[in-house]
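[1] Okay, predicted coordinates and the sequence, questions at the end:
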Amino acid sequence: MGILALKMAEDLMQSETLDYCLVVGAEEVDWLLCDAYDKWRLLRSHPPIELFSRPPGGMILSEGAGAALLGRKGHLVIDKISAGGNYPKQKDASTLLGKIFRELELKESSLLVASANGTFVDLAELDAASAELPNALIYSLKGALGESVGASALWQTIAGAQTLLTGKVPPSLHTVKNRMLRVDRHEVDDIRSAIVSACGLNQQIAGLRLRLEH
């Protein structure tokens, strides 16, 4: 997972011999992957992906890549990483997400860059965030970009970083109306931290907290 790759890179940066570390994630969708997700009833046959709907309508797979360059200096910091863990059943995802959100200890007004993709993941994240991050705004980019599995966590991290650096984020597309989901270009100017929630369909979850230093 992308978050674990970032954690490994952060650990490597503890060595004084490295000044930078490039982390890359990519996904090429093949027929085996599509067939597997279809048999697991996680796909939908046509767009759009409807995020946070009850019941979930399914996801659309996408291809792509993302890269993050970690350095020793800068105004944007990976403040904390939670390696998370595995959830044995879909219904257990919300409990593990709640544990991760508590571990990341976000107490101020913040942004949650969610993994919501039109599946059970959406409601697990929303339930956990409602309990543990009640003041956080929630943004998901997969309504626009689709689920790119191996690249998605890095895309989310990049989106969180750009939001903190610019104070701007586009609206989440095709989301059910909810107070926590009201993210637009005018609501994030005072946010200095963001949580990235990487909830994988392979029954693994991890997360990280980004912070913009003054």
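    Great, that's in hand.
[2] quick one, what contacts Pro88?
    Listed by CB atoms under 8 Å, 6 or more residues apart in numbering, the contact set of Pro88 reads Gln203. C-betas here are computed from N, CA, C, even on glycine.
[3] which intervals of the protein have sub-threshold pLDDT?
    Applying pLDDT under 70 to the chain flags residues 1, 107-109, 179, 182-187.
[4] Just give me the longest strand of it.
    strand 76-86 (DSSP state E).
[5] Which strands or helices does that strand pack on?
    Judged by 3 or more CB pairs under 8 Å, 6 or more residues apart in numbering; DSSP states H and E, strand 76-86 is in contact with helix 2-12, helix 93-104, helix 152-166, strand 204-212.
[6] any idea of the angle the shortest one forms with helix 93-104?
    For strand 204-212 against helix 93-104, the angle by axes from the mean of the first three to the mean of the last three CA atoms, to 10 degrees is 30 degrees.
[7] Mind giving me the packing neighbours of strand 204-212?
    helix 2-12, strand 76-86, helix 93-104, helix 152-166, strand 193-199.
[8] Can you list the strands that the shortest one pairs with?
    For strand 193-199, sheet partners with direction are given as strand 111-113 (parallel), strand 204-212 (antiparallel), following DSSP bridges.
[9] Out of these, which is closest to Val29?
    Proximity of the strands paired with strand 193-199 to Val29 was assessed by CB to CB; the nearest stretch is strand 204-212, lying at 19.2 Å.
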